[in-house]
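> sequence unknown, structure follows:
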């Protein structure tokens, strides 16, 4: 029997069938290999996306925790500036704020007569707190508020009652105490700390919500504004003060510099042939202010028939702090915005002034040579706007203006005026009307 070269009998075709089968198996194996590769790619992509999303969620959670931790440092960061006392047993989320400095201001060593025995009561409160007799502790605090509801002692009692309530998990009662201290005694240190605690709680609850809540945002802005006040806020740390200012800027973008309704606002529907200048004149405001609030770009000031414009009529107040080299704008008594400035050191005289003149692209008279330079002259350093105080004697010629020397801000190199960046002075120019009060602090 003779076999061919493939080991099969002559005429036997089975080997060709097996060869085809082998070839089919190879193709099938290749297809399976490709499928396995695709499956691996899909698995790898899905897994990576999952862990990336998981990482984002983890990072977001960590950021929220970090924000909470930062907010919860309110008491810790201010404790160095306040009287020290043993802490109440509080939850991890509850900041501990010690008694305010206002207690020190009425101490016997300051030669203030303690006619009501209030200092003895505060001493008793410390003893009860140390002894963990919290029922007697809260009763005495309630008693202090009852007989001192209109002074700083009553505010301090409400602040502590709120802190104690929150340490027990009763956040509703805590807010009631803080709200009472904030609304009834807003200028006391304890009233301002209470407004801070309320604002922090509301901020976490409402500001990040998906649905706009303009009234609540405005209430939070007002509470933070009360905490900042018009002084240096020595009862809180600089870090906390900076955080409050950042939040005020964020809130004012949504409350003031937007078309949402707020205290002091009204609305005007643009009619045919209306111009922004005539609309402003009708409503007793400046057209630059309308443009700033409604996001209308200068110098075109394009408006459309039927457009709804927000008109804000609130008294403006400006506070210049020479030590910080800042100018702060208040509208209706609320903190709105802060700007860096350059002043003239001793030439910028501390006191209260009133804006008496306003000018766009003003000319400048050199105080030494008395030579007048037009707005187009490069030697004119007044910049884009001028708000004059109209004083006499040493204060003659003082005012707020822009500059052609932006590198000088912040600084103390002006001739006595308050120098601002041109973009900043345009905002002040639009919102501060003739008669607005300007306070210059040391």
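Thanks, I have the structure now. Here the structure is a predicted model, which means the values were calculated and not measured.
> so what's residue 34 scoring on pLDDT?
On pLDDT, residue 34 comes in at 81.
> Just list the residues touching it, thanks.
Applying CB atoms under 8 Å, 6 or more residues apart in numbering, we find residue 34 in contact with no residue. (C-beta placed from N, C-alpha, C; glycine too.)
> Could you measure from it over to residue 28?
11 Å (CB to CB, to the nearest Å).
> Where does pLDDT dip in the stretch 201-350 of the chain?
The stretch 201-350 of the chain contains no residues with pLDDT under 70.
> The same query, at a cut-off of 80, please.
When residues are selected by pLDDT under 80, those of the stretch 201-350 of the chain lie in 208-210, 232, 299.
> Strands along that one, start to end?
Assigned by DSSP state E, counting those that start in this stretch, the stretch 201-350 of the chain shows strands spanning 265-269, 308-312, 316-321, 326-331, 334-340.
> Which one, of those strands, ends up nearest to residue 124?
Among the strands of the stretch 201-350 of the chain, the nearest to residue 124 by CB to CB is strand 334-340 (38.1 Å).
> buried set for the helix or strand following that closest one?
The element immediately downstream of strand 334-340 (helix or strand, assigned by DSSP states H and E) is strand 351-354. Using 16 or more other CB atoms under 10 Å as the burial criterion, the residues of strand 351-354 that qualify are residue 353.
> again, but for stretch 359-374
Using 16+ other CB under 10 Å as the test for burial, stretch 359-374 gives 362, 364, 373.
> next one: stretch 415-423
416, 417, 418, 419, 420, 421.
> pLDDT score for the first one?
Just to be clear, that refers to residue 416. Among the per-residue scores, residue 416 shows a pLDDT of 90.
> which residue is nearest the middle of the chain?
residue 247 (1.7 Å; CA atoms, centre = their mean).
> Quick check: the gap between it and residue 270.
Look at residue 247 and residue 270: by CB to CB, they are 33 Å apart.
> Now do the domain split for the protein, please.
Taking automatic domain parsing as the reference, the chain has its domains at 110-255, 272-312, 316-441.
> Start and end of the second one, how far apart?
To tie it back to what came earlier, the one meant is domain 272-312. For domain 272-312, the first and last residues are 22 Å from each other (CA to CA, to the nearest Å).
> Run the chain-centre distance for it.
27 Å (CA atoms, centre = their mean, to the nearest Å).
> got it, and stretch 202-214?
Distance of stretch 202-214 from the chain centroid (CA atoms, centre = their mean) equals 14 Å.
> Pull out the buried residues from it.
Quick answer for stretch 202-214 (16+ other CB under 10 Å): 202, 203, 207.
> And that stretch, end to end?
One end of stretch 202-214 to the other measures 13 Å (CA to CA).
> Over to stretch 301-319?
OK, stretch 301-319 end separation, CA to CA: 30 Å.
> Buried ones in that stretch, by neighbour count?
Buried, per 16+ other CB under 10 Å, within stretch 301-319: 303, 309, 310, 311, 312, 314, 316, 317, 318, 319.
> now these as TSV including distance to residue 379?
Shown next, in TSV, are these (distance: CB to CB, whole Å):
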residue	distance to residue 379
303	37
309	39
310	40
311	39
312	37
314	37
316	31
317	33
318	28
319	31
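> contacting residues around residue 303?
By CB under 8 Å, 6+ apart, the contact set of residue 303 is 270, 274, 275, 276, 279, 296, 309.
> Also residue 385?
Per CB under 8 Å, 6+ apart, neighbours of residue 385: 358, 359, 360, 361, 362, 401, 402, 422, 425, 426, 428, 429.
> What's the separation between it and residue 274?
25 Å.
> same question, residue 180
According to CB to CB, residue 180 stands 47 Å off from residue 274.
> Of the buried residues of stretch 301-319, which is the nearest to residue 189?
When these are ranked by distance to residue 189 (CB to CB), residue 319 comes first, at 19.6 Å.
> can you tell me how far that closest one sits from residue 231?
With CB to CB as the criterion, residue 319 and residue 231 are 10 Å apart.
> Ok, residue 354 next?
Distance, residue 354 to residue 231, using CB to CB: 22 Å.
> Can you tell me which of the buried residues of stretch 359-374 lies closest to residue 284?
Of all these, residue 362 has the smallest distance to residue 284: 23.0 Å, by CB to CB.
> so the residue nearest to that closest one when sequence neighbours are not counted is in which element?
Nearest non-adjacent residue to residue 362, counting by CB to CB, 6 or more residues apart in numbering: residue 386, 3.9 Å away. Residue 386 belongs to strand 385-388 when elements are defined using DSSP H and E.
> about what we covered before: dump the residue contacts of the residue nearest to residue 362.
Contacts for residue 386 (CB under 8 Å, 6+ apart) come out as 357, 358, 359, 360, 362, 399, 400, 401, 402.
> Dump those residues into JSON lines; add secondary structure as well.
Listed next are these as JSON lines, based on DSSP: H, G, I helix; E, B strand; the rest coil:
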{"residue": "357", "secondary structure": "strand"}
{"residue": "358", "secondary structure": "strand"}
{"residue": "359", "secondary structure": "strand"}
{"residue": "360", "secondary structure": "strand"}
{"residue": "362", "secondary structure": "coil"}
{"residue": "399", "secondary structure": "strand"}
{"residue": "400", "secondary structure": "strand"}
{"residue": "401", "secondary structure": "strand"}
{"residue": "402", "secondary structure": "coil"}
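> Look at residue 144 and tell me its secondary structure.
Per three-state DSSP, the local secondary structure of residue 144 is helix.
> Who's the closest spatial neighbour of it, skipping the chain neighbours?
Nearest to residue 144 is residue 157, by CB to CB, 6+ apart, at 4.2 Å.
> Would you pull up how far the helix or strand where that neighbour lies lies from the middle of the chain?
Secondary structure from DSSP H and E places residue 157 in helix 152-167. Put simply, helix 152-167 sits 25 Å off its chain's centre (CA atoms, centre = their mean).
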